[in-house]
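A.B. asks: Return a 3D structure for these sequence lines:
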Amino acid sequence: MSNQRLAIQLMIGQGVLFAAETAVIHQIGSEVSLILLALIRAAAGLGLALLLARGVGLAVLRTRQLPLQLLRGGIGALYLWVMIYSFAHLPFADATAISYTQVAYIAVFSVLILGERVTRLQWTGAAVGFIGALLIAKPDFAGWHGAYLVALLGTSLNGLGFVLNRYLQEEDTPATTMFYANLVPVIVNIPALILMGIPSISSMNLWIPAIFLLGPVGMYLGIGAVKHANAATLGPYTLLRLIIGVVGGVVIFHELPDIFSTCGAALIVAGCVLSSGTTPAPRRTDKAGSVHLPAGQRAFESGEIHCWATTALGA
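C.D. replies: As a prediction, the model looks like this:
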């Protein structure tokens with residue numbers, strides 16, 4: 001099995017798990033804050049990372065990229081707050097549609113940070129997939145105001161986190177990246193939860209196992225996927241959860257999709273196929289086995305972006 005095929009299968013698995021997680025959160029409703037759900041999810045992610053690294057023990061904490069790992073975790077926590085703000089201040093369909101602009105951000109950051117060569121087919125695949133997402137979400141975008149700009153710019157954080165997952169695994173294991181990606185959200189969400197007040201979770205007792213399982217495992221599959229394939233190639237596959245949601249509505253609730261949702265699903269599949277149609281040239285190695293990184297990754301290795309991350313974190 002090729003690395004890219006494995007990565008695609010992992011992304012499909014992530015889409016299934018994230019779609020199921022979304023259904024569970026919808027079932028819980030507004031009785032429990034998203035901050036509490038995020039804290040539970042992140043704590044479960046920490047536990048999963050330690051479980052996966054049980055053979056090496058505390059060595060999972062060892063990294064030469066600590067500022068970048070902490071930055072990656074901080075990006076995830078900040079994006080959660082942006083998402084909460086977006087869905088609180090925008091119509092649901094509009095906020096959902098804007099969240100899927102991450103596909104374009106992934107392609108852009110793949111070029112700027114990783115130095116990947118994004119082909120015309122991959123740009124086309126990202127655009128076609130996003131149009132498909134719009135057809136399914138059916139946003140109105142009426143009454144444009146500042147919250148739209150916050151949501152649009154904030155979504156870049158999700159795309160940045162996706163690309164950093166790939167870079168960080170040049171040296172660290174998926175378990176290490178998983179650990180730090182969840183450590184920071186746990187640390188920052190505990191004070192936020194205390195300030196907001198800790199609600200009763202009796203109404204969600206039935207769903208706690210699902211929250212513990214679906215999100216963290218899905219996150220780990222995504223981290224593993226970008227280790228095996230070009231990040232820009234996998235960008236459109238983040239839209240698959242929309243198709244899975246449509247299929248779930250048909251199978252479970254016998255809700256037939258309208259023509260727009262059907263066309264949107266077809267466009268998302270087409271975007272994935274277009275994005276996967278070309279494979280970037282493999283990284284070259286010298287006789288000693290050293291990897292010749294693209295320009296963007298050489299910037300990381302030379303310390304340019306690493307220093308920026310250290311400064312941003314105040315380390």
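A.B. asks: where's residue 69 relative to residue 224, distance?
C.D. replies: 17 Å (Cβ to Cβ, to the nearest Å). No exception for glycine: its C-beta is placed from N, CA and C like everyone else's.
A.B. asks: ignore the last one, residue 130
C.D. replies: 25 Å.
A.B. asks: and what of residue 143?
C.D. replies: Residue 143 is 41 Å from residue 224, by Cβ to Cβ.
A.B. asks: quick one, which of these two is more surrounded?
C.D. replies: Remark: of residue 143 and residue 224, residue 224 carries more neighbours, 21 against 9, as counted by other Cβ atoms under 10 Å.
A.B. asks: Distance of the more buried one relative to residue 14?
C.D. replies: Taking Cβ to Cβ, one finds residue 224 at 9 Å from residue 14.
A.B. asks: swap in residue 68?
C.D. replies: Residue 68 is 22 Å from residue 14, by Cβ to Cβ.
A.B. asks: And for residue 7?
C.D. replies: 10 Å.
A.B. asks: hey, what's in contact with both of those two?
C.D. replies: Common contacts of residue 7 and residue 14 (Cβ atoms under 8 Å, 6 or more residues apart in numbering): residue 225.
A.B. asks: Which secondary structure elements does the helix ranked longest in the chain sit against?
C.D. replies: Assignment by DSSP state H gives helix 3-28 as the longest helix of the chain. Applying 3 or more Cβ pairs under 8 Å, 6 or more residues apart in numbering; DSSP states H and E, we find helix 3-28 packed against helix 208-228, helix 231-234, helix 240-253.
A.B. asks: Now do that helix: distance to the chain's middle.
C.D. replies: Distance of helix 3-28 from its chain centroid, counting by Cα atoms, centre = their mean, to the nearest Å, is 11 Å.
A.B. asks: by how many degrees do it and helix 208-228 diverge?
C.D. replies: Relative orientation of helix 3-28 versus helix 208-228 (axes from the mean of the first three to the mean of the last three Cα atoms, to 10 degrees): 160 degrees.
A.B. asks: Next SSE downstream of helix 3-28?
C.D. replies: Per DSSP states H and E, the first helix or strand lying C-terminal to helix 3-28 is helix 34-52.
A.B. asks: Pull out the buried residues from the helix or strand that that following helix is followed by.
C.D. replies: With elements assigned by DSSP H and E, the helix or strand that comes after helix 34-52 is helix 66-89. Buried residues in helix 66-89, defined by neighbour count with 16 or more other Cβ atoms under 10 Å: 66-83, 86-87.
A.B. asks: likewise stretch 88-107?
C.D. replies: Buried-residue list, stretch 88-107, by 16+ other Cβ under 10 Å: 90, 94-107.
A.B. asks: Can you tell me the SS state at residue 151?
C.D. replies: helix (DSSP: H, G, I helix; E, B strand; the rest coil).
A.B. asks: What is the burial count for it?
C.D. replies: If we define neighbours as other Cβ under 10 Å, then residue 151 has 22 of them.
A.B. asks: shaky segments in the stretch 101-250 of the chain?
C.D. replies: Applying pLDDT under 70 to the stretch 101-250 of the chain flags the ranges 196-205.
A.B. asks: 90 instead?
C.D. replies: 140-147, 189-212, 245-250 (pLDDT under 90).
A.B. asks: so what's residue 22 up against?
C.D. replies: Per Cβ under 8 Å, 6+ apart, neighbours of residue 22: 241, 245.
A.B. asks: For residue 234, state which of the buried residues of stretch 88-107 is nearest.
C.D. replies: For the buried residues of stretch 88-107, the minimum distance to residue 234 (Cβ to Cβ) is 7.7 Å, reached by residue 106.
A.B. asks: Report the contact partners of the closest one.
C.D. replies: Residue 106 touches 126, 159, 162, 163, 231, 232, 234, 235, 238, counting by Cβ under 8 Å, 6+ apart.
A.B. asks: Please repeat the previous calculation with a cut-off of 6 Å.
C.D. replies: Residue 106 makes contact with 159, 162, 231, 235, according to Cβ atoms under 6 Å, 6 or more residues apart in numbering.
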